Every structure is written in structure tokens, then in C-alpha cells.
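**Q** kindly generate the corresponding structure for this input.
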Amino acid sequence: MVATKDELRNWFNSGVEEGADLMLVVCDSHGLGVRPVYCKSDDFEDVFNKYNGVTMHLVIEVFDLDKDRESQIQSRHMPDIQR
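**A** Numbering: from 1, shown residues only. Coordinates of the predicted model:
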């Protein structure tokens, strides 16, 4: 399951409100879907390593919350599947 563009917009906005610098979109390969994980730039490597390839999780996208939201969402390499 992938996130829709509207979900990404909402997650992006939530991360900005929380004061995060980056948003990682993490896929749970147990079929539980995808979810955002927020972090500061200084913590990126630790957070990425915590979720990527560990306990059936995979980081599938990373967004820079300091950059333009729409240009990042539009340049995604994943299809936007409507549910």
C-alpha cells in the first residue's frame, strides 16, 4: 500500500507543525501499510537505520520538510494509488 498525495500533504504539514526537518515514509511489510516518521536532520542517520530493513520495515521515501512540498510530492517515483 502506498500513500496518496493527499495523505503525504497531511503528513508533511504535521511534520512541519512538529518542528521536524525530515519525513521518512516507512512501509511495514507485514501489510500494515505506510506511515510517516519525523526527525531532525541531526538524527536522520539513526532514525533511517532504525527503520530501514529492520523488523520488516523499509524506508521508501524521504522528504525534506524545509523544501517545497508540492515539488517533492509531484516528483515521487511511486504511483499514486487512490483508495
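
**Q** what about the helices in this structure?
**A** Counting by DSSP state H, the segments of the chain that form helices are 5-18, 44-51, 69-74.

**Q** now render those helices as CSV, adding distance to Ile60 and mean pLDDT.
**A** All C-beta atoms are positioned from the backbone trio N, CA, C, and that covers glycine. Output for the helices of the chain, formatted as CSV (distance: least, C-beta to C-beta, whole Å; pLDDT from 0 to 100):
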stretch, distance to Ile60, mean pLDDT
helix 5-18, 12, 96
helix 44-51, 10, 94
helix 69-74, 14, 92
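
**Q** in JSON lines: those, plus distance to Leu32.
**A** Below are the helices of the chain laid out as JSON lines (distance: least, C-beta to C-beta, whole Å):
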{"stretch": "helix 5-18", "distance to Leu32": "15"}
{"stretch": "helix 44-51", "distance to Leu32": "13"}
{"stretch": "helix 69-74", "distance to Leu32": "22"}
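
**Q** skip the chain neighbours and tell me the closest residue to the residue nearest to the spatial centre of the chain.
**A** The structure's the chain has its C-alpha centroid closest to Val25; by C-alpha atoms, centre = their mean the separation is 2.3 Å. What sits nearest to Val25 in space, not counting adjacent residues and going by C-beta to C-beta, 6 or more residues apart in numbering, is Glu61, at 4.0 Å.

**Q** next: Asp66.
**A** With C-beta to C-beta, 6+ apart as the criterion, Asp66 has its nearest non-adjacent residue at 6.2 Å, and that residue is Asp21.

**Q** for the one you found, phi and psi?
**A** Note on Asp21: backbone dihedrals following degrees, to the nearest 10 are phi -100, psi -30.

**Q** correct me, but it touches Val62?
**A** No. Using C-beta atoms under 8 Å, Asp21 makes no contact with Val62, being 10.8 Å away.
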